[in-house]
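Chemist: turn this into a model:
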Amino acid sequence: MVETKQHFESRLRQVTRKHRRMSNGYTTRLRGDGLIVVKPRRRRMQFPLRGAMLVALGFFAFKAFMLVSLGERTYADRLTELQEGTILEQGGAWVMQADPVTQVMVDFARTNLL
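Modeler: Just a heads-up that it's a prediction; the model follows:
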């Protein structure tokens, strides 16, 4: 009798776990033998990593566009003006300074696009 109860509790835990996973959504697949198999959807990452990477790429592209369109001399002069300003302007100058990623994008734009 104890064995039966343990088997029942084990099966109940499995059903509860499967139900919890299925509550996030599920997909159905038709196997070759005609059996429909239901599988829980995988949980996605909470933080949208792809979106954050696209935003970062867009920001670096914006910096590269500014550097190409203004020229290195004018861009450096404007950064110097920002560095002499308020704390917020100094932070903006630090963020907008030409970094290696921006330089690679500028070099690519100058050789392939212009």
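Chemist: now do the residue positioned nearest the centre of the chain against Phe108, distance only.
Modeler: Per CA atoms, centre = their mean, the C-alpha nearest to the average position across the chain is that of Leu49, at 1.7 Å. Distance, Leu49 to Phe108, using CB to CB, to the nearest Å: 24 Å. All C-beta atoms are positioned from the backbone trio N, CA, C, and that covers glycine.
Chemist: can you list the domain ranges for the chain.
Modeler: What automatic domain parsing lists as the domains of the chain is 2-40, 49-113.
Chemist: most packed of those?
Modeler: Scoring the domains of the chain by mean neighbour count under mean count of other CB atoms under 10 Å gives domain 49-113 as the most buried, with a mean of 13.
Chemist: just the endpoints, please. Distance across it?
Modeler: End-to-end distance for domain 49-113: 29 Å, by CA to CA, to the nearest Å.
Chemist: which residues of this structure fall in strands?
Modeler: Taking DSSP state E, the strands of the chain run over residues 26-30, 36-40.
Chemist: so where's this protein shaky on pLDDT?
Modeler: Low-confidence segments of the chain (pLDDT under 70): 45.
Chemist: what are the boundaries of the helices in this protein?
Modeler: For the chain, the helices defined by DSSP state H occupy 2-22, 49-70, 72-83, 87-96, 100-108.
Chemist: for Asp33, find the nearest of those helices.
Modeler: Closest of those to Asp33 is helix 2-22, at 21.8 Å (criterion: CB to CB).
Chemist: need the contact list for Met66.
Modeler: Met66 sits next to Tyr75, Met96 when contact means CB atoms under 8 Å, 6 or more residues apart in numbering.
Chemist: go again using 7 Å as the cut-off
Modeler: Tyr75 (CB atoms under 7 Å, 6 or more residues apart in numbering).
Chemist: done for today, thanks.
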